[in-house]
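A.B. asks: sequence first, then the predicted structure:
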Amino acid sequence: MHGLLIVFEGIDGSGKATQSAELVKRLNDAGRQVMHVSFPDYDSPSSALVKMYLHGDFGKNPSDVNPYASSLFYALDRFASYRTKWKDFYQQGGIVIADRYTTSNMVHQMTKFDDEQERAQFLEWLEKTEYTELELPKPDCVILLDVPLTISEKLVKERAVRGGSMDIHEQHIDYLRRCHAAYQILCQKYGWRRVECTHEGAIRSIHDIANDVFCEIQTLLATKAQEEK
């Protein structure tokens with residue numbers, strides 16, 4: 001019996017790394033076997049093409065690179081991570097918490113299509129490529145950390161000041177706006193769990209957001225336990 005794959009999604013600056021770390025801690029404290037992974041896997045050679053793409057080596061605008069090509073950069077990075085780092089753990093029943101996954105590819109690359117039919121064809125191709133051909137596991141739960149676009153733009157700029165640079169996705173605000181809209185579409189399409197990260201125009205505390213996330217995961221774990229009886 002395989003374990004669980006829980007994915008954190010959200011526009012840049014939404015707090016995915018923070019909330020995934022919070023969930024790992026809470027599940028560990030509850031005695032669960034948990035592993036955290038993050039994509040792209042920048043510490044692995046498998047992310048080389050992703051780094052080149054985000055650095056702008058293939059074009060300074062995200063739209064300069066065919067979405068099918070750029071999707072493969074990310075897909076093969078995930079394939080390498082799965083096969084070398086967490087396949088056995090997952091298949092033996094462990095809980096894997098992912099900061100981004102195939103779901104990010106769906107969002108970022110579907111924005112390159114204006115035609116709805118072409119978007120649908122792309123999403124179908126991507127799911128078949130990653131989940132069937134590459135045999136990557138499908139997420140059991142996707143948590144969308146929902147942040148208003150205006151706040152996300154501010155957070156991304158503040159992070160760039162601290163870190164010194166932005167990748168080609170973050171440099172193009174119009175692209176981030178399209179991604180924000182895509183998150184809303186896919187959240188509804190695939191039934192992702194939405195967690196609101198703001199209240200009355202202000203960012204909620206890390207603790208409060210983590211509480212909402214943990215409630216969603218407790219429900220998921222309870223459902224899985226019932227199914228296994």
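C.D. replies: Okay, I see it.

A.B. asks: who's in contact with residue 28?
C.D. replies: Going by Cβ atoms under 8 Å, 6 or more residues apart in numbering, residue 28 touches residue 34. For the C-beta atoms, the positions are set from N, CA and C on the backbone; glycine is no exception.

A.B. asks: wait, is it part of a strand?
C.D. replies: No. Applying DSSP: H, G, I helix; E, B strand; the rest coil, one finds residue 28 to be helix, outside a strand.

A.B. asks: in stretch 107-127, what counts as buried?
C.D. replies: 107, 108, 109, 110, 111, 112, 119, 122, 123, 126 (16 or more other Cβ atoms under 10 Å).

A.B. asks: among these, name the ones in helices.
C.D. replies: Among the buried residues of stretch 107-127, the residues falling in helices (DSSP state H) are 107, 108, 109, 110, 119, 122, 123, 126.

A.B. asks: from those, which is closest to residue 47?
C.D. replies: Distance to residue 47 across these (Cβ to Cβ) is lowest for residue 108, with 15.1 Å.

A.B. asks: what number of residues lie near the nearest residue to that closest one once chain neighbours are set aside?
C.D. replies: Nearest non-adjacent residue to residue 108, counting by Cβ to Cβ, 6 or more residues apart in numbering: residue 179, 6.0 Å away. Using other Cβ atoms under 10 Å, residue 179 has 23 other residues around it.

A.B. asks: any idea how far the spatially most central residue of the chain lies from residue 114?
C.D. replies: Most central in the chain under Cα atoms, centre = their mean is residue 100, positioned 2.1 Å from the mean C-alpha point. Per Cβ to Cβ, to the nearest Å, residue 100 is found 25 Å from residue 114.

A.B. asks: then residue 180?
C.D. replies: 17 Å.

A.B. asks: which one is residue 27 nearest to, not counting chain neighbours?
C.D. replies: Using Cβ to Cβ, 6+ apart, the closest residue to residue 27 is residue 34 (4.6 Å).
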